[in-house]
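K.L.:
what would the 3D arrangement of this be:
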Amino acid sequence: MKTNISFFLLFSITMLFSIDINAQFLDKLFNAKYHSGFAILNNGDTIGGSIKFNNDYEDYNAVCIKDTVTGKKKYYKPEQVKFFTFDSLNFHRKFLFNEWKFVCLLMDERLKIYLYRYLAITPYVSWTETAYILEKPNGQYLMVTSHKMFPFKKHAGEFFKDYPELAEKINNKEYRFEHLFVIAMEYNNWLVRKETNSDALKLNP
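P.N.:
Residues are numbered from 1 along each chain as shown. Now for the predicted structure:
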């Protein structure tokens, strides 16, 4: 009983923490205009200035940097930039949909989480969709969205099948899309335990 209470408290704290972090992040993005920052180009050059960012899908296709002295603006495509940063937010490039896109790093652990915005188009309507990209240490990744048509249980359950206990929680709908950061933290903790046990076996064969 004591173990169950401890787990419940830890789970609740984790949920509140992940919700708070995500809320702070989204608050920064949706209120962004120009922010002081810099970009590292492929050739190694560092470009400083004011970065325009409004969290629209266009901002994930190119970054606009304004020279604070001359006021001149210049756009850089993801294939030109290794990463850019402002207000402690770090944007990397990732090859998605057969081309390079900018993605925002939300969780920098063994399992990483990136945020990405893109334009979803149907014959009748278009909208900007928010997606989260989960990336394992081996480079395997899964893109998930909150859209009601996205089969989260199917794709996430398959993605995390290397950790059967976690996959079971997803398949039983104990964990859903809204538990994304909890899922990531649980998976990262499992990876740490796995690595620790592996190192112990090497030391004590």
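K.L.:
name the nearest residue to Asp87, sequence neighbours excluded.
P.N.:
His35 (5.2 Å; Cβ to Cβ, 6 or more residues apart in numbering). Backbone N, C-alpha and C define where each C-beta goes, glycine included.
K.L.:
which residues does that neighbour bridge with?
P.N.:
For His35, the beta-bridge partners are Ile51 (DSSP bridges).
K.L.:
please shift the residue numbers so they start at 97 in all later answers.
P.N.:
With 97 as the first residue, the last one maps to His131.
K.L.:
quick one, what contacts it?
P.N.:
146-147, 149, 182-183 (Cβ atoms under 8 Å, 6 or more residues apart in numbering).
K.L.:
quick check, nearest of the residues you listed to Phe198?
P.N.:
Nearest to Phe198 out of the contacts of His131 is Phe149 (Cβ to Cβ; 9.7 Å).
K.L.:
what about the closest one, how many residues close to it?
P.N.:
When neighbours are defined as other Cβ atoms under 10 Å, Phe149 has 24 of them.
K.L.:
these two touch, right, it and Tyr156?
P.N.:
No - look at Phe149 against Tyr156 with Cβ atoms under 8 Å: they stay out of range, at 9.6 Å.
K.L.:
now for the protein, the helix or strand with the poorest mean pLDDT.
P.N.:
When the helices and strands of the chain are scored by mean pLDDT, DSSP states H and E, helix 98-126 comes last with a mean of 46.
K.L.:
show me where the protein has its helices.
P.N.:
Remark: helices assigned in the chain by DSSP state H are 98-126, 248-255, 260-267, 276-299.
K.L.:
determine which residue lies closest to the centroid of this protein.
P.N.:
Centroid-nearest residue in the chain, with Cα atoms, centre = their mean: Tyr210, separated by 1.6 Å.
K.L.:
who does that one form a beta bridge with?
P.N.:
With DSSP bridges as the rule, Tyr210 is bridged to Leu201, Ile229.
K.L.:
so how far is Thr142 from it?
P.N.:
Look at Tyr210 and Thr142: by Cβ to Cβ, to the nearest Å, they are 23 Å apart.
K.L.:
do the same with Phe246
P.N.:
38 Å.
K.L.:
who's more crowded, these two?
P.N.:
Phe246 (16 against 8).
K.L.:
number of residues surrounding Val177?
P.N.:
21.
K.L.:
who's in contact with Leu215?
P.N.:
153, 222-225.
K.L.:
dump the residues you listed to TSV, plus pLDDT and neighbour count.
P.N.:
Converted to TSV, the contacts of Leu215 look like this (pLDDT from 0 to 100; neighbours: other Cβ atoms under 10 Å):
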residue	pLDDT	neighbour count
Tyr153	90	17
Ser222	80	11
Trp223	77	10
Thr224	84	13
Glu225	88	16
